[in-house]
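**Q** structure, please.
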Amino acid sequence: MKKFKISIFVVLVILIVIVAVKAENLKRLYYAMTLFDKELIVDNFSNMASLFPSTEIEATTNASTFDQDLKPLPSHYKYKNNDRSVPDFLDKTSTTALLVVKGNTITYESYFQGTTGKDYRISWSTAKSFLSALFGIAVHEGTIKSIEEPVTNYVPELINTGYDGVRIKDVLQMSSGVHFNEDYYDFDSDINRFGRTFALGGSFDEFAATLVRDKTPGTYLHYVSIDTHVLGMVIRAATGRSIVDYFNEKLWSKIQPESSVYYIVDNKNEPMVLGGMNLRTRDFARFGQLYLNNGNWKGEQVVPRDWVQASITPDAPHLIPGKRESAKLNLGYGYQWWIPEESDQEFLALGIYGQYIYVNQKSGVVIVKNSAHIEFAENDFESATEAVAFFRAVAESI
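**A** Numbers count the residues shown, from 1 in each chain. Model prediction:
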């Protein structure tokens, strides 16, 4: 009878654990399914680290300081030969934060829709540009020997997948040839399938291994968010270190952030390097300043200068800015950075729903815009093209 009672107790404990795990997964699935609801999106985008499993990378240095010389924004900017209202643009794109820095001087800083400068804002795909910086450091140190090598030299578990034999460089340039539907409005798209896999406790590595070849690598610009995760897998394999540790030592601790960064993680505690960073608006700007100065931070070359230049230079016809069969956006592409048409030393990190780090080296300006713009992807992402026109007007005004 005693053994029977113990057995019943063990079964109950197991059931409770199963129910708890399932409840946690269901809760995450609910958050994933309601993440972009109009009445929730602003609050969700400031609280992602509490909605989903995440890991904290603390700021371990004294924060760098900004000078301040506040100036008004221009009242209008020109887009498609028409004058457009700046306040209207900020409103219609659901801006939550706008920060303008010239050199090291903040010339404009405002927070909207009930958010503040202390909010930890989801990066979405601006995180890809951070990972590109980390990748360049690993190449410079020699742990990654050459970007001409195939990714499967480092990550053999991707053999017999869409990434088998694909050059690292092609993955850096979103030209992997892997089939991927990144339509956020299509429930059955690959990016939404990825989201559900994560919400239900899946592995990013395992998801990457499910993708198949679609086109010849290195010939076609096709945005595949999982390409960035594969780059993270290469870094882990080459360095023998976790992304979190390597990121903290080589990049985060170098730019003197004012606060922690929180990385969303999967069930194996691997960070969502393709878009899962949560940080403050001023820390987005610090990263922008690093690239404004060609990878140099206050005299220390954190990211190799030649890597920065290669990252912002489209070097093949399918990567050149302008409307192409292979891309909806008219922006060009480098190593996880976007380059506008008629660029004059300007480039940007870009994330879905209107996240931007715009860098204009000629003007010495960095602009960060955080948003909760539900209509961001409409009309072939025209809002991103218009944002560049707005950023140029701001840069010119100061």
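**Q** just to check, residue 221 is in contact with residue 174?
**A** Yes - with contact defined as CB atoms under 8 Å, residue 221 and residue 174 form a contacting pair (5.8 Å). To be clear about C-beta, it is placed using only N, CA and C from the backbone, and glycine gets the same treatment.
**Q** between those two, who's got more neighbours?
**A** Under the neighbour definition other CB atoms under 10 Å, residue 221 and residue 174 were set side by side, and residue 174 has more, 25 against 21.
**Q** look up the closest residue to the more buried one, ignoring the ones flanking it.
**A** In space, and not counting its chain neighbours, residue 174 is closest to residue 223: 5.3 Å by CB to CB, 6 or more residues apart in numbering.
**Q** quick check: buried residues in stretch 261-280?
**A** Applying a neighbour-count criterion of 16 or more other CB atoms under 10 Å, one finds 261-266, 270-280 buried in stretch 261-280.
**Q** actually stretch 288-301, sorry about that
**A** By neighbour count on 16+ other CB under 10 Å, the buried set for stretch 288-301 is 288-297.
**Q** cool, stretch 72-84 as well?
**A** Of the residues in stretch 72-84, 73, 76-77, 79, 84 count as buried by neighbour count, 16+ other CB under 10 Å.
**Q** for residue 161, what are its contacts?
**A** Contacts for residue 161 (CB atoms under 8 Å, 6 or more residues apart in numbering) come out as 208-212.
**Q** returning to that earlier point: quick check: the farthest pair among the buried residues of stretch 72-84?
**A** 73 and 79 (15.1 Å; CB to CB).
**Q** any figure for the gap between residue 39 and residue 113?
**A** To residue 113, residue 39 is 12 Å away according to CB to CB, to the nearest Å.
**Q** moving C-terminal of the helix or strand containing residue 87, what's the next helix or strand?
**A** Using DSSP states H and E, residue 87 sits within helix 86-92. Elements were assigned by DSSP H and E; along the chain past helix 86-92, the next helix or strand is strand 95-102.
**Q** that next one packs against which elements?
**A** Counting contacts by 3 or more CB pairs under 8 Å, 6 or more residues apart in numbering; DSSP states H and E, strand 95-102 packs against strand 105-111, helix 281-292, strand 365-371.
**Q** residues touching the second one, excluding its own?
**A** Among residues not part of helix 281-292, those counted as contacts by CB under 8 Å, 6+ apart are 64, 66, 97, 99, 101, 104, 111, 117, 119, 121, 123, 126, 129-130, 133, 255-259, 261, 296-297, 302-303, 308, 312, 347, 349, 357-359, 361, 364-368, 370.
**Q** list buried residues within these.
**A** 64, 66, 97, 99, 101, 104, 111, 119, 121, 123, 126, 129-130, 133, 255-258, 261, 296-297, 302-303, 308, 312, 347, 349, 357-359, 361, 364-368, 370.
**Q** which of the residues you listed fall in helices?
**A** Those of those mapping onto helices are 126, 129-130, 133, 308, per DSSP state H.
**Q** can you redo those as a markdown table with pLDDT?
**A** Supplementary listing: these in a markdown table, determined by pLDDT from 0 to 100:
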| residue | pLDDT |
| --- | --- |
| 126 | 98 |
| 129 | 98 |
| 130 | 98 |
| 133 | 98 |
| 308 | 98 |
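**Q** show the end-to-end separation of stretch 368-387, please.
**A** Stretch 368-387 has its terminal residues 11 Å apart, counting by CA to CA, to the nearest Å.
**Q** now do the buried residues in it.
**A** Using 16+ other CB under 10 Å as the test for burial, stretch 368-387 gives 368-374, 376-377, 381-387.
**Q** any idea of the mean pLDDT in that stretch?
**A** Stretch 368-387 shows a mean pLDDT of 95.
**Q** residues making contact with it?
**A** 36, 38, 41-42, 45, 79, 84, 89, 93-99, 113, 115, 121, 183-185, 281, 284-285, 288, 328-331, 350, 352-358, 391.
**Q** from the residues you listed, list the buried ones, please.
**A** Buried, going by 16+ other CB under 10 Å: 36, 41-42, 45, 79, 84, 89, 93-99, 113, 115, 121, 184, 281, 284-285, 288, 329-331, 350, 352-358, 391, out of the contacts of stretch 368-387.
**Q** which residues touch the residue nearest to residue 79 when sequence neighbours are not counted?
**A** In space, and not counting its chain neighbours, residue 79 is closest to residue 389: 4.3 Å by CB to CB, 6+ apart. Shown in contact with residue 389 (CB under 8 Å, 6+ apart): 77-79, 84.
**Q** columns distance to residue 156, secondary structure and pLDDT on top of those residues, output as a markdown table?
**A** What follows is the contacts of residue 389, written out as a markdown table (distance: CB to CB, whole Å; DSSP: H, G, I helix; E, B strand; the rest coil; pLDDT from 0 to 100):
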| residue | distance to residue 156 | secondary structure | pLDDT |
| --- | --- | --- | --- |
| 77 | 50 | strand | 98 |
| 78 | 52 | strand | 97 |
| 79 | 48 | strand | 96 |
| 84 | 51 | strand | 98 |
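**Q** ok, the residues you listed vs residue 55, which is closest?
**A** The closest of the contacts of residue 389, once distances to residue 55 are taken by CB to CB, is residue 77, at 39.3 Å.
**Q** the closest one pairs with what?
**A** Note on residue 77: beta-bridge partners by DSSP bridges are residue 84.
**Q** OK, contacts around it?
**A** Residue 77 sits next to 83-84, 86, 89, 389-390, 392-394 when contact means CB under 8 Å, 6+ apart.
**Q** tabulate those residues in a markdown table, adding columns for distance to residue 239.
**A** Shown next, in a markdown table, are these (distance: CB to CB, whole Å):
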| residue | distance to residue 239 |
| --- | --- |
| 83 | 51 |
| 84 | 46 |
| 86 | 44 |
| 89 | 42 |
| 389 | 40 |
| 390 | 39 |
| 392 | 38 |
| 393 | 42 |
| 394 | 38 |
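**Q** closest to residue 27 out of these?
**A** Using CB to CB, residue 89 comes nearest to residue 27 of these, at 36.2 Å.
**Q** phi, psi of the nearest residue to the closest one once chain neighbours are set aside?
**A** Leaving aside its sequence neighbours, residue 89 sits nearest to residue 390 (CB to CB, 6+ apart; 5.7 Å). Residue 390 has phi and psi values of phi -60, psi -50 when expressed as degrees, to the nearest 10.
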